[in-house]
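S.K.: Predicted model and sequence follow; I will ask about them next.
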Amino acid sequence: MHIMRILALDSTAKVAAAALLDDDRLLCKAAVSDAMTHSATLLPEIERLLKDAGLTFADIDLFAASAGPGSFTGVRIGAATLKGIAFGRNKPCCAVSALEALAYNLRRTDGIVCALMDARRGQFYTATFAVADGKVTRLSPDEAKSGEEIAASLAAYPHVTLVGDGAAVALPFFDGLPVELCPEENRLADGESVGLVAYAMYRAGRTVSDADFAPVYLRLPQAERERLEKEKAAAR
C-alpha cells in the first residue's frame, strides 16, 4: 500500500508549526513561537524540514494546512503558503480545522476536550470533542462564542480538559465547572496534529485541490466589522 507523505502547517495563532509525516507516523516537525514573523519564518521552516528529511516539495503526496479559525493574518498566511507550494503539483490538499488539530494534541488522553482560541472582543473560537482510545470525535461545530455561552454548553459534561491559546484566558468564565487546563506543552498548535487530522480526512475522501483550498474565518475581519458598524450608524 502506498504511503502518503504529508506536509502539514499551521499559522493560525501564536505558534507557526510545520511537520512531515508518512501516513500517521511523524518524520520531523518544527515550531516558531512568534506570531509577528509568521510570514517570514513559516516557509523557511518548511524548507528546512524538507532538507533535514532529504525530501523536496515534489516528494509530498498530501499538502495540509490549518484553514482556521484563528488570527485573520495568520489564517491568510497559512492559506497563501499552502497554495504557493502546492500550485501546479496536482496533489490533494486538506483544509484542517485549527480547533480539531488542537484537540488531537490530547489524543493520548480520554475524556471531553474543549478547544479554545482567543478571538478577542470577548469571544472565543471553540469546538468540543470526545477523545477515547486515540480517536477524536467531534461533538460540536467550530463556532465563535462568548465565554458565558461556552460555560453553559460545558456544564453538561462531568469533566472537561481545555486546550488552545484561549484556554487560560477563558478559564475565569468556567468558575465552578469541572474543567482543567491541559499541560502547557500540549496547549498550542502542533504540525503533527494537523498532519494526523489531514491523514484522517484523506482516508475519508475529504480533500480539495489547491485552487479550492479556502480559509475559514467564522467572523468578519475587524476592519470589515468596523466598516459595517459605521454604515449602520450613518443609516440611523
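M.R.: That came through fine.

S.K.: all helices of this structure, in order?
M.R.: Listed in chain order, the helices of the chain (DSSP state H) span 38-53, 72-86, 98-104, 147-154, 167-170, 191-203, 222-235.

S.K.: Can you tell me which of those helices is most buried?
M.R.: Among the helices of the chain, helix 98-104 has the highest mean neighbour count (mean count of other CB atoms under 10 Å), at a mean of 29. Where C-beta positions appear, they are placed from N, C-alpha and C, glycine not excepted.

S.K.: Give me the average confidence score over it.
M.R.: Across helix 98-104, pLDDT averages out at 98.

S.K.: returning to that earlier point: and of the helices of the chain, who's closest to Leu20?
M.R.: The minimum distance between Leu20 and those falls on helix 38-53, with 5.5 Å, by CB to CB.

S.K.: Check which helices and strands the closest one sits against.
M.R.: For helix 38-53, the packing partners by 3 or more CB pairs under 8 Å, 6 or more residues apart in numbering; DSSP states H and E come out as strand 5-10, strand 16-22, strand 25-32, helix 72-86.

S.K.: what's in contact with that helix?
M.R.: With contact meaning CB atoms under 8 Å, 6 or more residues apart in numbering, helix 38-53 is reached by 7, 9, 11, 16, 18-20, 27-30, 32, 34, 56-57, 59, 73-74, 77-78, 81, 84-85.

S.K.: show me the contacts for the spatially most central residue of the chain.
M.R.: Central residue of the chain (CA atoms, centre = their mean): Ala98, 1.6 Å from the mean position. Shown in contact with Ala98 (CB under 8 Å, 6+ apart): Asp10, Thr12, Ala13, Ser66, Ala67, Gly68, Pro69, Gly70, Met117, Tyr125, Ala189.

S.K.: Just grab the bridge partners of Phe124 for me.
M.R.: Asp118, Lys145 (DSSP bridges).

S.K.: any weak-confidence spans in the protein?
M.R.: 1, 35-36, 220-236 (pLDDT under 70).

S.K.: ok so, going back, so which of the helices of the chain comes closest to Ser140?
M.R.: Here helix 147-154 is closest among the helices of the chain (CB to CB), at 7.2 Å.

S.K.: elements contacting that closest one?
M.R.: With contacts taken as 3+ CB pairs under 8 Å, 6+ apart, helix 147-154 sits against strand 111-120, strand 123-132.
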